[in-house]
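>>> Kindly return the folded structure for what I paste below:
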Amino acid sequence: MKEKTVMFFSIFHLPKYQLFSIFVLSCMGISLSIYLFTSIQDFEKEKISFNLKIETTNRVLALQEKIDDNIDVIKFIASFFNASDQIERSEFQKFTEAVLQREIDIQALEWVPHVLDSERQAFEALTRKEGFPDFQITERKEQGVMVPARKRDEYVSVKNRVRTNKL
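Numbers count the residues shown, from 1 in each chain. Have a look, this model is predicted:
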């Protein structure tokens, strides 16, 4: 066995301690490279995670701002209703027209009047005069067929769309 060891050292023509030093330095270099690689990799992962959190926070804040803007629009329209005794379809259309042009996130604003049974016939007649000749307050039957609504104390007329914003 001694012969093989001597032969190995004689191949490089270096003494034993120099080969050992080269081996130790090589191991240290490899270890340092692995350490630096993992450190840089961890740093990059943290950087990516931090940037993702910032981007996510920015998007959440932008979304919250859009929602707040839309809530402000709803409050604005509610104040219009609270300040008026009675609002007609044409008034609602004029009032909301600018909102629909400015707020692209709002797809539609609908005029949905509550109609007492005692006002039903007059409401249907007025709506027909306003450009909806076949209008009547209806309800859906079990099969999905629309029929005139049965007698109730109050009706909510939901098919009085004023305007839809096209996206």
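>>> residue nearest the centroid of the protein?
Geometric centre of the chain, nearest residue: L63, 6.3 Å, by C-alpha atoms, centre = their mean.
>>> quick one, what contacts that one?
Contacts for L63 (C-beta atoms under 8 Å, 6 or more residues apart in numbering) come out as none. C-betas here are computed from N, CA, C, even on glycine.
>>> what pLDDT does it get?
Per-residue pLDDT puts L63 at 94.
>>> 30 is where my numbering starts, stick with that
All set: I'll call the first residue 30, so the last point we hit is now L92.
>>> Can you show me the helices along the protein?
Secondary structure of the chain, counting by DSSP state H: helices at 31-41, 45-111, 118-131, 149-158.
>>> Just put those helices in a markdown table and tack on distance to P142.
Putting the helices of the chain into a markdown table (distance: least, C-beta to C-beta, whole Å) gives the following:
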| stretch | distance to P142 |
| --- | --- |
| helix 31-41 | 99 |
| helix 45-111 | 11 |
| helix 118-131 | 8 |
| helix 149-158 | 7 |
